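Chemist: Prediction below, plus the sequence it came from.
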Amino acid sequence: MISVTEWQKIGVGTTGFGIFFILFGVFLYFDSVLLAFGNRHKLKGTGFFLGGVVIVLLRWPLLGMFLETYGFFNLFRGFFPVAFGFLGNAFNIPFLSALFQGLQGTSSMV
């Protein structure tokens, strides 16, 4: 028989929980009711983005990419102020401010 230590039992248990929750999340992601509920107010952006993908597949890449870009900006229009606000405040975070200061000094081309 193979002896299993307590740490191995804990590892198997946490791995099992992780796999269960990943699969549960994937199942919920593909639930049509949740998808429709989450995208109900973003149908215009979703339509333009998916329409752009179809146009690219129909060999009109430039037009398709413009449609995808327009759809992307419509889908994530509410997220952009949050992202730019975080980038504006990133210099106040201790670890990131030290990283930015370190990167500032290494920008010489010589």
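Modeler: Received, thanks. Source: prediction; values computed, not measured. Residues are numbered from 1 along each chain as shown.

Chemist: So L96, which state does it fall into?
Modeler: State at L96, reduced to three classes by DSSP: H, G, I helix; E, B strand; the rest coil: helix.

Chemist: For R77, grab phi and psi.
Modeler: phi -60, psi -30 (degrees, to the nearest 10).

Chemist: scratch that, F30 is what I was asking about
Modeler: According to degrees, to the nearest 10, F30 has phi -90, psi 10.

Chemist: any idea how far the top helix by length along the chain is from the chain center?
Modeler: Once the chain is assigned using DSSP state H, the helix that runs over the most residues is helix 6-29. Centroid displacement of helix 6-29 relative to its chain, using CA atoms, centre = their mean, to the nearest Å, is 21 Å.

Chemist: Helix or strand: which one has R59?
Modeler: Assigned by DSSP states H and E, R59 belongs to no helix or strand.

Chemist: Compute the number of surrounding residues for it.
Modeler: 7 (other CB atoms under 10 Å). Backbone N, C-alpha and C define where each C-beta goes, glycine included.
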